[in-house]
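S.K.: what would the 3D arrangement of this be:
(one chain, ligands or ions: 1)
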Amino acid sequence: MTIQEEIKKRRTFGIISHPDAGKTTLTEKLLLFGGAIKTAGAVKSNKIDRHATSDFMEIEKQRGISVATSVMGFEYKGRKINLLDTPGHQDFAEDTYRTLTAVDSVVLVVDCVKGVEIQTEKLMEVCRMRNTPVMVFINKLDREGQDPYDLLDEIEEKLGIKVRPLSWPISMGKTFKGVYSLYEKKLKLFTASKQKLDTDNDISITDLNDPKLDELIGENYAKTLREDVELVDGGYPEFEIETYRSGEVAPVFFGSAVNNFGVQELLDCFIDIAPNPMKRETDERVIEPEESKFSGFIFKIHANMDPKHRNRIAFVRVCAGTFQRGSTYYHTRLDKKFRFSNATAFMAQSKEIIDEAWPGDIVGLYDTGNLKIGDTLSEGEKGMYKGIPSFSPEIFREVINTDAMKTKQLEKGLKQLMDEGVAQLFTYEMGARKAVGTVGALQFEVIQHRLLHEYGASCRFAQMNLFKACWFTSKDKKKLDEFIKSKYRHIAKDKDGQLVFMAESKAWLQMVQDNFPDIDFHFTSEF
Ligand code: G4P
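M.R.: Model (predicted):
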């Protein structure tokens, strides 16, 4: 196959949702349809029990599971699908944000009973930043949920994206009859089944006035469906693939993941319309996937579970050209060449050595500490891929070394954990105080535990009253220097040596912004 054909074949995506909406269940059903697993129940939920956040065994288990299911590759109807897993626990949201930089599209799962929840809103913000195409799956139609029109309005309002239903539910809960696919003009009748793959239950109904519809679902439901479809077709613009691909409009499907219902409709439409790997930007130029020379970037690093072998797996998203095992590639940040002999590909539930990979694929590389998140590998290309920003953390604590004999180990451990993206380290210009910033409180426990068990270093965390870490810029160099001088005590460096302003409170940040109108403050490291 030519590289163009390989690219056309590939669909690389992630599923996002608020915990409990059904992401794990949907993942499992997609893998079942793809023939990648044989029985339901094979995909373990990667969520940490929210009542056991201090149970370290749980944290370790989470790490083990998440490496096994980080990337699930499978073939479906002639397509190669790469499904990138995202952690369910909100304290690991930053990990999810980064994974979203490596996908070409996402499927968003919404619980029809609970509607749009807070974590969904946050994840959608990240998708909007990058105009990632989104498909929505409204799940749990076997329960009495909210009115479909209300759900659609809520999605548009809270998630800031237009929607276009491509299937429509016929009732819900106890009287749920099925869905009508507006995309394929087919009726699918609901049968509750947790095990079966219902693939041959489609009834083609191109004209909704067909009396067959009344026979199948009863006159009343048929009447309502006709009215609903008329309303939907009248109220929403015709579905256009371009507006989906530009991230403006999200096609919506209804179903019940646990019952395998509506999942195939979603998948069939997905492989039709979801984008294949596209061009991506480095800080020097735009790179097309079909370019002959390989390049890609690292979006995730996973430490070895066994502390005795402290090698790590770096996940590379191939963006252009063909990756070849055993080749020597150029590491742009270190300006150095490395040979990667033991590359791994990820298939559902297993890892295997691979010889080649194409744009859209994810390759696992064993690393001994040379790679970090955001690094670009290439065949000499000097530009770094853009779009792997750090987000301002939500919680900050100061690291206090509690074992002076192990200072070196602490430094090393902290550096490696930060390279993995467990948290962000900010080092104050004055006094070299170290602030660790995270999205959730759970990370501090993970860091403390791993520093002790993997590096033999012990530390404690002291409370810090900080609101946000802001990256800042100004067109006026003089004003920038003035600002740095005046706020010197509150300036720190991030992992890449960029200066950040550590704002203590919202009100204070506002005041500083008013006092320094020539300075632009940013909440992500890329602007
Ligand atoms: P998550 O990964 O998004 O956190 O959600 P997950 O798939 O684990 O699903 C959360 C719960 O919702 C699970 O129940 C799951 O069985 C249930 N669920 C998923 N899809 C549907 C659906 O279509 N209808 C209904 N009624 N429930 C659904 P649980 O009680 O937490 O676990 P389990 O013991 O049932 O697996």
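S.K.: which residues touch residue 299?
M.R.: Residue 299 is in contact with 98-99, 101-102, 315-317, 373-374, 388, counting by Cβ atoms under 8 Å, 6 or more residues apart in numbering. The C-beta positions use only the backbone N, C-alpha and C, and glycine is treated the same way.
S.K.: can you say which of those are buried?
M.R.: Buried by 16 or more other Cβ atoms under 10 Å: 98-99, 101-102, 315-317, 373-374, 388, out of these.
S.K.: what is the nearest of these to the ligand?
M.R.: residue 99 (14.8 Å; Cβ to the nearest ligand atom).
S.K.: got the phi and psi for the closest one?
M.R.: phi -60, psi -30 (degrees, to the nearest 10).
S.K.: what does the pLDDT read for it?
M.R.: Per-residue pLDDT puts residue 99 at 90.
S.K.: so it is in contact with residue 86, correct?
M.R.: Yes. Under the criterion of Cβ atoms under 8 Å, residue 99 makes contact with residue 86 at 5.1 Å.
S.K.: so where do the strands sit in the stretch 251-400 of the chain?
M.R.: 280-281, 286-287, 295-303, 312-320, 323-324, 328-331, 336-339, 344-347, 350-353, 356-357, 362-367, 376-378, 395-401 (DSSP state E, counting those that start in this stretch).
S.K.: contacts only, for the closest residue to residue 389 other than its chain neighbours.
M.R.: Closest residue in space to residue 389, ignoring its immediate chain neighbours: residue 526 at 3.7 Å, by Cβ to Cβ, 6 or more residues apart in numbering. Counting by Cβ under 8 Å, 6+ apart, residue 526 touches 386-389.
S.K.: per-residue confidence for residue 526?
M.R.: For residue 526, the predicted pLDDT is 73.
S.K.: can you tell me how far it sits from residue 484?
M.R.: 20 Å (Cβ to Cβ, to the nearest Å).
S.K.: and residue 207, by the same measure?
M.R.: Distance from residue 207 to residue 484, by Cβ to Cβ: 70 Å.
S.K.: which of the two has more neighbours?
M.R.: residue 484 (17 against 8; other Cβ atoms under 10 Å).
S.K.: so who does the more buried one touch?
M.R.: Taking Cβ under 8 Å, 6+ apart, one finds 491, 499 in contact with residue 484.
S.K.: repeat that for the one 3 residues further on.
M.R.: Neighbouring residues of residue 487 by Cβ under 8 Å, 6+ apart: 501, 512.
S.K.: state the phi and psi torsions of it.
M.R.: phi -110, psi 30.
S.K.: returning to what we had before: pull up the overlap in contacts between residue 99 and residue 86.
M.R.: In contact with both residue 99 and residue 86: residue 14, using Cβ under 8 Å, 6+ apart.
S.K.: report the separation between residue 166 and residue 272.
M.R.: For residue 166 relative to residue 272 (Cβ to Cβ), the value is 11 Å.
S.K.: neighbour count winner among those two?
M.R.: Between residue 166 and residue 272, counting by other Cβ under 10 Å, residue 166 is the more crowded of the two (25 against 12).
S.K.: pretty sure that one sits against residue 186.
M.R.: No. Residue 166 is beyond contact range of residue 186, at 11.4 Å (criterion: Cβ under 8 Å).
S.K.: could you report the neighbour count for residue 273?
M.R.: 18.
S.K.: and if you look at residue 514?
M.R.: 8.
S.K.: which other residues reach whichever strand or helix holds it?
M.R.: Per DSSP states H and E: residue 514 is located in helix 506-515. Here helix 506-515 makes contact (Cβ under 8 Å, 6+ apart) with 467-468, 470, 487, 501, 503, 519, 521.
S.K.: restricted to strands, list those.
M.R.: 468, 470, 501, 503, 521 (DSSP state E).
S.K.: gap between the residue sitting furthest away from the middle of the chain and residue 117?
M.R.: Distance to the chain centre peaks in the chain at residue 211, reaching 44.8 Å (criterion: Cα atoms, centre = their mean). Distance of residue 211 to residue 117, given as Cβ to Cβ: 42 Å.
S.K.: hmm, back to that, nearest to residue 422, out of the strands of the stretch 251-400 of the chain?
M.R.: strand 295-303 (8.7 Å; Cβ to Cβ).
S.K.: can you list the strands that the closest one pairs with?
M.R.: Strands that pair with strand 295-303, judged by DSSP bridges, come out as strand 312-320 (antiparallel), strand 376-378 (antiparallel).
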